[in-house]
Structure formats: structure tokens, C-alpha cells
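Visitor: no sequence for this one, just the structure:
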Ligand code: C2E
Ligand code: CA
Ligand code: CA
Ligand code: CA
């Protein structure tokens, strides 16, 4: 059990690392939130630039904290990761996402949903089976689920994460490389791994219209993804000029504040019906 420090402020977690009282309190609350209704998915649309249609939505986890208000993942994901809660969190986000997707599809919207996975999720050999059970439970076709993984997932334990990815591929869910271009081994794993989508990190997109080098990276990644038979998603599109440039270059899919900020599930159908872009 945790020990109270001399001043009464510092406490020690069971593994011996010092932790603030705040942190342990937040951790207890997070455990509670994983069972209750405080964790929520917000959704950000992915727009097909050629057809102008919304092809899917990305689930982004939020914590409606009773005292601290709406908390973003940067605040609690590191804590969840350290406390070994990422499996529960992923299954929870996934379950909510598939339930919401089932509802939107029932309203006639041919959409996919994307869920982010963490490093530890990709080390979890039970994951494919759990994904399969949830797809069955909500009668969602596997091809309508996109799983977004970052490059560092592939660095952690390549053999195990490749096993988990292979298991997911057997289900026919789609795999996407998130924050593409910020990791180490970008090119070597593209040769070996069965991914369907590259999601170019938003740092390249931010300077698209003012920086020729950023623009060159966007265009050549687009070409690379085409040659590899993958689709490319450009995230972090914040203005009309960037969107116009991307469209002119033949970019497939875009996401960003200019198209829509992430929104609660209840707002998605309304947004789809009265889209400004
Ligand atoms: P990400 O997967 O790269 O998600 C994109 C992040 O950028 C989101 O932040 C989104 O709100 C934000 N964003 C979207 N469009 C724009 C834009 O035009 N400009 C700017 N500046 N930002 C934009 P969010 O929701 O705070 O999520 C942060 C990160 O937390 C995500 O980055 C993802 O790595 C992680 N995350 C979110 N939900 C989950 C989850 O359910 N599971 C796991 N494992 N990770 C998650
Ligand atoms: Ca993502
Ligand atoms: Ca990203
Ligand atoms: Ca990110």
C-alpha cells in the first residue's frame, strides 16, 4: 500500500516510485471512471476530398471529471498506461465506438470508425479475439473499423506487436499508421507490415502553405502511399488554404479543425446533415 511521506504530501506507489497525493487520487478516480459513465468518446470526421463525403470518424477519449471538468487524453492516458489500465480503456472506447457506429449506420450513413491503440494494446495477444467479439456483438463489418497505431508501437516489441497486428488483419479490420513521419523506422516497416492507411503527422500539415519543404514532404508521402496501395489521411488541417492545396494535390482524406473539431456522439448526426464544408 502507499505510504504517507514526512510532510504528508509525498506518497510512494507500491512499486516504490514517489508519487504525489494528487496523482494517486486521480488514479483512483480513473479506475472508477472506467466502470462508470464519466469516460466518453468524442468524434472527429474524416473527409474524402475527392467526393466531398465524410467517410468515417475518429474516436478520441474524454473524461468528464466531476470536479475538474472535461479532461483530455494527455492528462490521463500516461497515468492509465503506467497503472496498467490501457486494456480496459481500449475496450471501453472500442465498445462505445462500435455502438455509436452501429447507430449511425442504421440511420443510413455508410461510415467507418477509427479507434486509437496504445503501445501496450499492441502487446496484448488477447486483443484480436476481443475485437472480434465486439464486432460480432454490434454486427459491424470488420472493414468499417480502423485501428490507428503509432510508429513507436512497432519499436516496443516488434515480434509481439506483429503477431497482434497479424491477428487483427485476419479479422479484416483496417490498420492505420498514426503520426506518420515522426517515428524512427518509417520506411522499413512499410515494406513488411500489412497497413492500409498512412496518417501523416499534423506537424507537416501546419506549415503546408508557407514552407516548401513541408509541402514537398506532404506530396511525396502522398505519392508513396499511392505506390504502396495505401490511402493517406492528412490530419491537423486548420485553414481553407491548406485544404485547397491538399485537394489540388489529389490528397485522399483530410481531418482537422477546419473541417470539424471533435464533437460528442450526440452531435454527429446533426453535423452530418448540416455540414459547412
Ligand atoms: P492523435 O491520435 O494524433 O489525435 C489527434 C489529436 O489532434 C486529437 O487530440 C485532436 O483533437 C487533435 N486535433 C485534431 N484536429 C486538429 C487540428 O486541426 N489542429 C490541432 N492543433 N489539433 C487537432 P486529443 O483528442 O487531445 O488526443 C490526443 C492524443 O491522445 C491522440 O492523438 C491519441 O494519440 C491519444 N488518444 C486519444 N484517444 C485515445 C484512445 O481512445 N486511446 C488511445 N490509446 N489513445 C488515444
Ligand atoms: Ca489518431
Ligand atoms: Ca495523429
Ligand atoms: Ca498524436
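Guide: All right, it came through fine. Because the structure is predicted, anything quoted here is derived from the model rather than measured. Ligands and ions are numbered 1, 2, ... in the order given.
Visitor: and whichever residue of the stretch 1-150 of the chain sits closest to ligand 2, which of the three is it?
Guide: Closest residue of the stretch 1-150 of the chain to ligand 2, Cβ to the ion: residue 148 (4.1 Å). Every C-beta, even on glycine, is put in place using the N, C-alpha and C of the backbone. Of the three states, residue 148 takes strand under DSSP: H, G, I helix; E, B strand; the rest coil.
Visitor: Residue 60 is in contact with that one, correct?
Guide: No: counting by Cβ atoms under 8 Å, residue 148 does not reach residue 60; the two are 10.4 Å apart.
Visitor: Could you tell me which residues touch both of the two?
Guide: residue 116 (Cβ atoms under 8 Å, 6 or more residues apart in numbering).
Visitor: can you list the weak-confidence ranges in this protein?
Guide: 1-19, 184-186, 276-277 (pLDDT under 70).
Visitor: Spell out which residues of it are next to ligand 1.
Guide: 44, 60-61, 72-74, 77, 93, 116-118, 148, 178-179, 202, 236-238, 256-257, 262 (Cβ under 6 Å from any ligand atom).
Visitor: tell me, which of those make contact with ligand 3?
Guide: 178-179 (Cβ under 5 Å from the ion).
Visitor: In strands only, show me the residues of the chain next to ligand 1.
Guide: 44, 60-61, 116, 148, 178-179 (DSSP state E).
Visitor: distance of residue 237 from residue 46?
Guide: Residue 237 is 11 Å from residue 46, where distance means Cβ to Cβ, to the nearest Å.
Visitor: more crowded one of the two?
Guide: In this view residue 237 and residue 46 are compared by other Cβ atoms under 10 Å, and residue 46 has more residues nearby, 29 against 25.
Visitor: State the helix or strand in which that one lies.
Guide: Secondary structure assigned from DSSP states H and E places residue 46 in strand 39-48.
Visitor: Please consider this matter closed, and thank you.
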